[in-house]
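Engineer: Next input, structure requested:
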Amino acid sequence: MDPLTVLPSNFGYVILTYLYSWIMLGYLAVKVGGARKKYNVKYPTMYSDKEQVFNCIQRAHQNTLEVYPQWLVFQTIAALVYPLSASVLGDIWVTSRFSYAWGYYTGDPAKRMNGAYGYIGYFGVIILSISVALQLLGFL
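Structural biologist: Numbering: from 1, shown residues only. Here you go, the predicted structure:
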């Protein structure tokens, strides 16, 4: 079975979205590593009792890791039938994680909401995944 004939022709955009998300995760991880050095927070300590900004940087990364597996699943399901739409929605979600992190990095946790527009991408691929499920079940 040749994946180039099985996958939708626009699935290449989805692969680029996955690569974009990998870059985003790497960026967030590097920021945490730098913050560990700057604020002297040694491994395996997850959070600091003294440095609120470190905790915000750590949480931006950790929260992204907490939601990433679910996003990957819904992104993939949606992309099998709606590759271009899923890719656009995925790019919105990934970009929002940068906005979320940059807001959090200020040390004011409320500014993480700068990335709230990411829910458009996140819930968008969930809705598309529901559509795929309903089509497979013969309801649509």
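Engineer: Can you get me a residue count around Gln75?
Structural biologist: Neighbour count for Gln75, taken as other Cβ atoms under 10 Å: 27. For every residue, glycine as well, the C-beta is placed using N, CA and C.
Engineer: starting at the chain centroid, how far to whichever strand or helix holds it?
Structural biologist: Taking DSSP states H and E as the criterion, Gln75 maps to helix 52-81. Computed by Cα atoms, centre = their mean, to the nearest Å, the chain-centroid distance of helix 52-81 equals 4 Å.
Engineer: What average pLDDT does it get?
Structural biologist: Averaging pLDDT along helix 52-81 yields 98.
Engineer: Now do the buried residues in that helix.
Structural biologist: Across helix 52-81, burial judged by 16 or more other Cβ atoms under 10 Å covers 53-61, 63-64, 68, 71, 74-75, 77-80.
Engineer: and the next element down the chain from that helix?
Structural biologist: With elements assigned by DSSP H and E, the helix or strand that comes after helix 52-81 is helix 83-104.
Engineer: so how far is that next one off the chain centroid?
Structural biologist: For helix 83-104, the distance to the chain centre is 6 Å (Cα atoms, centre = their mean).
Engineer: so what secondary structure elements neighbour that helix?
Structural biologist: Helices and strands touching helix 83-104, by 3 or more Cβ pairs under 8 Å, 6 or more residues apart in numbering; DSSP states H and E, are helix 11-39, helix 52-81, helix 118-136.
Engineer: which residues touch the shortest one?
Structural biologist: Surrounding helix 118-136, the residues in contact under the criterion Cβ atoms under 8 Å, 6 or more residues apart in numbering are 67, 71, 73-75, 77-78, 80-82, 85-86, 89-97, 99-100, 140.
Engineer: and it, what's its mean pLDDT?
Structural biologist: Taken as a whole, helix 118-136 carries a mean pLDDT of 98.
Engineer: quick one, that helix and helix 83-104 angle?
Structural biologist: On the basis of axes from the mean of the first three to the mean of the last three Cα atoms, to 10 degrees, helix 118-136 is oriented at 150 degrees to helix 83-104.
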